Every structure is written in structure tokens, then in C-alpha cells.
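J.: below are the sequence and a predicted model for it; my questions follow.
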Amino acid sequence: MDNSFLGRGWSFPPSFDLANGSVNMLEREADIASSLEILLGTLRGERIMLPQYGCNLDELLFENLDTRMKTLMADTIESAILYHEPRVELESVVLDDSQELEGIVLIEIIYRVKSTNSRFNFVYPYYKLQGTDINLTATVNLLPDSD
């Protein structure tokens, strides 16, 4: 079955085939998965010609992960996919916060490719980096000695 209508694009980050002098490309479902990963990792306004493209998950980085924040994250992701990935129909967004104490939230996106009616899932690791590993014993005295 020819699925070339699903799209073809550059791999990200871009890589090159030096033997052939060409750019490595992604096709079909791999191109869609790569597109979703790029969408979730892009801030709105980061792309010059597409200022509305992106998901802005970085705005939620240091927020408490309560029910309100989970709902906001899921809604932000759903809206971004709805507006910027027309090849898929989103079925659900599930946040797995079982590793929250390690600073990791796994975002599982279940979607269906519209043209082939095939279901896929995509897991995006969202890292809530915090300053919890600060070594307080290694502080430096910035004041000069008064001897």
C-alpha cells in the first residue's frame, strides 16, 4: 500500500547522507510522530514564519502538578494538535505522573491517522526540572574576611 500521501519531511535534528549528498528524510507515520514531537517541544513565537505554531509547555514547568495543571496541560496539547497537525485525529491525552518525584511526566498521545484509519500512540517525556538537587554544603563565602 502506497502511503506517500502521509507526508515526507526532513529528519529532526537535520542529518545528512554524505555518500549521496542528500538530506535524511522521514516518511509516512514516522514523519507524523516526528511532527508531534517537534510540535510539543516548540514554544509559540519560536518559529519566525509561523508565530502561532507550538505548544508552550515550558510555561507550566515549575507549577504544582495538581488536577488543574493536568487539565491545562492536556488542553494545551489537544489544542496544539488540533490546529497544527491536520493529518491526525486525536483520541486521548493521558498524563502519567507516577515518576513526578523524579521530575518526569510522561504524556501519552493516542491518535488516529485520518487517511489510513490506523491508530498509534506517542509518548512524550516532559521533564519538570527543579532545583531540588542543590548541594547546600558547597556554598561559597562571598564576603571578604574581616581579619
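T.: Perfect, I can see it now.

J.: now the helices for this structure?
T.: With helices called from DSSP state H, the chain shows them at 28-40, 67-84.

J.: mind showing which ranges of the chain have poor pLDDT?
T.: Regions of the chain meeting the criterion pLDDT under 70 cover residues 1-18, 22-28, 128-147.

J.: let's see it at 50
T.: Within the chain, the segments meeting pLDDT under 50 span 4-5, 131, 134-143.

J.: and the strands in it?
T.: Counting by DSSP state E, the segments of the chain that form strands are 8-10, 16-17, 22-23, 25-27, 88-96, 104-113, 118-127.

J.: closest one to residue 75 among the ones you listed?
T.: Proximity to residue 75, assessed across the strands of the chain by Cβ to Cβ, is greatest for strand 88-96 (8.5 Å). In short, each C-beta sits where N, CA and C put it, glycine included.

J.: which one of the helices of the chain lies closest to residue 115?
T.: That would be, of the helices of the chain and by Cβ to Cβ, helix 28-40, which comes in at 10.4 Å.

J.: which positions in the closest one come out as buried?
T.: 28, 29, 31, 32, 33, 34, 35, 36, 38, 39, 40 (16 or more other Cβ atoms under 10 Å).

J.: convert it to CSV, retaining C-alpha atoms only.
T.: In CSV, the C-alpha atoms belonging to helix 28-40 read as follows (Å, rounded to 0.1, in the frame of the first residue of the first chain):
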residue,chain,number,x,y,z
ARG,A,28,4.7,8.3,6.5
GLU,A,29,3.9,7.5,10.1
ALA,A,30,7.5,8.3,11.2
ASP,A,31,7.0,11.8,9.8
ILE,A,32,3.8,12.3,11.8
ALA,A,33,5.4,11.1,15.0
SER,A,34,8.4,13.4,14.4
SER,A,35,6.0,16.3,13.7
LEU,A,36,4.2,15.7,17.0
GLU,A,37,7.5,15.7,18.9
ILE,A,38,8.5,18.9,17.3
LEU,A,39,5.1,20.5,18.0
LEU,A,40,5.2,19.6,21.7
